[in-house]
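*Asks:* sequence unavailable; structure follows:
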């Protein structure tokens, strides 16, 4: 047979058509058995590693549990982890890799707002179902980012909880608001001051303090002289918080501190001159991860703790980090299980109709116009010095 | 309030002055501004906390070991970041190499030590309020250090050899002085002085990996104010900086205090570009 240019071209077209139709025939079968790939942008090393390590324990636990039970409709969960080291540039590169090369079905993380701000638009461009626990309000906007969902409180929800505690339980009429000099500290303190003023509370003083400032006497004296009844703190710096608390003790002032969850960080304990300096300090916490006066967790949370017993270490982590990690994986698995598909449209569509999904960290509700899924009423204040296996005692005044 | 300003101002000023002296000591024998000075201060706090709190060593062992470890870091800096670029000082490559080593030190500390501030031990349990040891220890350390340096430079042969190399290293070499060995020794000494800054100020600054940047920055100001290579100028510049910074902190608050410091710094440099105590550089024509 004589080979001509025309016969080669026809042959190529025919074989490509045959290949395509064969692929179409087999692809549903592949999809039904292929693993569900969940990208996990984890800052496992670097400055903000502690939360990601906690989340990771939940992620691994949930994936193992689902896979051990046979997977989701026969499909195994595959976690594709990338360590972003808390660096937005690395987070962007990892996101591109997860989407373009590794073809993941959904992404959990990043777990800090700086990285999330850098990657959210990329995920949206690629219609990637995204779920994260970052607090910056602007990260969630269903019109701009229809693919992005939050399963932890936003900063506004934290702020609401802090303000409500100051107003309704501590009955404060005059507060001092302190933030650090980071972008987060300045923004959060300004938002807090605006909300307090709107609620009719007088601002005794407002300060943004460099987290490495060695002496806090000036700021505390100003607050006391202005008649502050509560000090509200918005900072992730444990060093700064510890210095403020030591200064409060040196001044012999027993003004309560209310604010950011970092005030309950175990690192603070070692930096205090005396353990009693940590009294009357109330940090943002969560009802699901708080124990009552009798020392009991809510039943659903206790169920998780029992499951984690012996498998996941809670002594150097927070229960909510682990619980949110478990919930994130379960939310993806449940979306695939319910819709029978791991396509982006199916997962996002399912999440958009989720009502009171009973996660361990919270009961999440999403809609097409609200992607902040965490219930505000479950954001409470905890006694900062009461850590016990990753959970905290409810602050005084809650029932 | 006045006592607090004086106490914390002098303490921070003494720490900045010691870092300024660290810069000067490295500069004297190499003509290199090594940006590892602040990291040596940071390491002084971290090694002190590691040796005394985590490993439980007493002060008599913890302090000398801290000084030795930081002296070692100083020597490594000389070999890795300074010696290879000495031949091309006019290209200022040392800015890159010393900054790279500084960054390396910071990142390794963050990964191996902690990214959160860690406690530093009480050393003598002496004093309270404005007389607390955390305030007077850096000042006392600064006084002892500058006295020892003055004695070394003016009363000992090796000190005079340092001065000779600092004055004119070609002439010093021609006279048979071991210029390289003296340079390595000066980097070791700078490491120990930086360590003293961090160790004596550990109770104020805590053992925190991010202190290096802060000390690099604020430790450079006394050098610029006092005149490059002038240790007495660095002491006066450092103490003035500390007092001004704390006074601004008490009167106008955190963010504005930093602004006030840098406004003053720029104004001083506009009025006296060679520093308040530095001599104008002469150039042979």
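*Replies:* Noted; the coordinates are in hand. Computed from a prediction, not measured in an experiment: that's the story for all the values here.
*Asks:* only C-alpha atoms from now on, for both contacts and neighbour counts.
*Replies:* Noted.
*Asks:* what's in contact with the host helix or strand of residue A:123?
*Replies:* Secondary-structure element containing residue A:123, defined by DSSP states H and E: helix A:113-125. Where contact means CA atoms under 8 Å, 6 or more residues apart in numbering or on different chains, the residues beyond helix A:113-125 that reach it are A:86-89, A:91-92, A:95-96, A:109-110, A:129-130, A:134-136, A:139, A:145-148.
*Asks:* now it: average pLDDT?
*Replies:* The predicted model assigns helix A:113-125 a mean pLDDT of 93.
*Asks:* equivalent analysis for stretch B:14-31, please.
*Replies:* 94.
*Asks:* and it, which residues are buried?
*Replies:* When burial is assessed from 16 or more other CA atoms under 10 Å in any protein chain shown, stretch B:14-31 yields the following buried residues: B:14-31.
*Asks:* with stretch B:170-179 instead?
*Replies:* B:172, B:177, B:179.
*Asks:* likewise stretch A:84-101?
*Replies:* Within stretch A:84-101, the residues that qualify as buried are A:84-88, A:90-92, A:94-96, A:98-99, counting by 16+ other CA under 10 Å.
*Asks:* starting at the chain centroid, how far to it?
*Replies:* Using CA atoms, centre = their mean, to the nearest Å, we find the averaged C-alpha position of stretch A:84-101 to lie 18 Å away from the chain's own average C-alpha position.
*Asks:* stretch A:154-162 now?
*Replies:* From the chain centre to the centre of stretch A:154-162 is a distance of 14 Å (CA atoms, centre = their mean).
*Asks:* A strand includes residue B:22, no?
*Replies:* No. According to DSSP: H, G, I helix; E, B strand; the rest coil, the state of residue B:22 is helix, so it is not within a strand.
*Asks:* enumerate every residue touching it.
*Replies:* Taking CA under 8 Å, 6+ apart as the criterion, residue B:22 is in contact with B:37, B:190, B:191, B:193, B:194.
*Asks:* repeat that for residue B:163.
*Replies:* B:28, B:153.
*Asks:* the residue most central in space within chain B is in what secondary structure piece?
*Replies:* Per CA atoms, centre = their mean, the C-alpha nearest to the average position across chain B is that of residue B:19, at 1.4 Å. In the assignment (DSSP H and E), residue B:19 maps to helix B:2-30.
*Asks:* moving C-terminal of that helix, what's the next helix or strand?
*Replies:* Reading on from helix B:2-30 to the C-terminus, the next helix or strand found by DSSP H and E is helix B:37-49.
*Asks:* anything in that next one near chain A?
*Replies:* No. Contact between helix B:37-49 and chain A, assessed by CA under 8 Å from any CA of the partner chain, is absent, since the two come no nearer than 11.9 Å.
*Asks:* now that helix against helix B:2-30, angle please.
*Replies:* An angle of 110 degrees separates the directions of helix B:37-49 and helix B:2-30 when computed by axes from the mean of the first three to the mean of the last three CA atoms, to 10 degrees.
*Asks:* off-centre distance for helix B:37-49?
*Replies:* So, by CA atoms, centre = their mean, the centroid of helix B:37-49 is 10 Å from its chain's centroid.
*Asks:* contact partners of the helix or strand of chain B with the lowest mean pLDDT?
*Replies:* In chain B, the helix or strand scored least confidently by mean pLDDT, DSSP states H and E is helix B:254-271, which has a mean of 81. Contact with helix B:254-271 is made by A:181, A:207-210, B:221, B:224-225, B:241, B:244-246, B:248-249, B:275-276, as judged by CA under 8 Å, 6+ apart.
*Asks:* mind running it again at 7 Å?
*Replies:* With CA atoms under 7 Å, 6 or more residues apart in numbering or on different chains as the contact definition, helix B:254-271 has outside contacts at A:208, A:209, A:210, B:245, B:248, B:249, B:275.
*Asks:* what count of nearby residues applies to the nearest residue to the residue nearest to the centre of chain B once chain neighbours are set aside?
*Replies:* When the adjacent residues along the chain are set aside, residue B:19 lies closest to residue B:219, with 5.0 Å between them (CA to CA, 6 or more residues apart in numbering or on different chains). Residues within reach of residue B:219, counting by other CA atoms under 10 Å in any protein chain shown, total 30.
*Asks:* pull up the gap between residue B:219 and residue A:148, please.
*Replies:* With distances taken as CA to CA, to the nearest Å, residue B:219 is found 45 Å from residue A:148.
*Asks:* how many neighbours does residue A:387 have?
*Replies:* By the measure other CA under 10 Å, the count of residues near residue A:387 is 18.
*Asks:* name the residues of the stretch 101-250 of chain A found near chain B, please.
*Replies:* Taking CA under 7 Å from any CA of the partner chain as the measure of proximity, the stretch 101-250 of chain A contacts chain B at A:208, A:209, A:210, A:214, A:215, A:218, A:238, A:239.
*Asks:* what residues are up against residue A:52?
*Replies:* By CA under 7 Å, 6+ apart, the contact list for residue A:52 reads A:42, A:43, A:44, A:111.
*Asks:* state the distance from residue A:285 to chain B.
*Replies:* Counting by CA to the nearest CA, to the nearest Å, the gap between residue A:285 and chain B amounts to 21 Å.
*Asks:* so that residue, which state does it fall into?
*Replies:* Look at residue A:285: counting by three-state DSSP, its state is strand.
*Asks:* my guess is it meets residue A:379, correct?
*Replies:* Yes. Here residue A:285 reaches residue A:379: they are 6.0 Å apart, a contact under CA atoms under 7 Å.
*Asks:* between the two, who's got more neighbours?
*Replies:* The residue with the greater number of neighbours, taking residue A:285 and residue A:379 and applying other CA under 10 Å, is residue A:285; the counts read 27 against 22.
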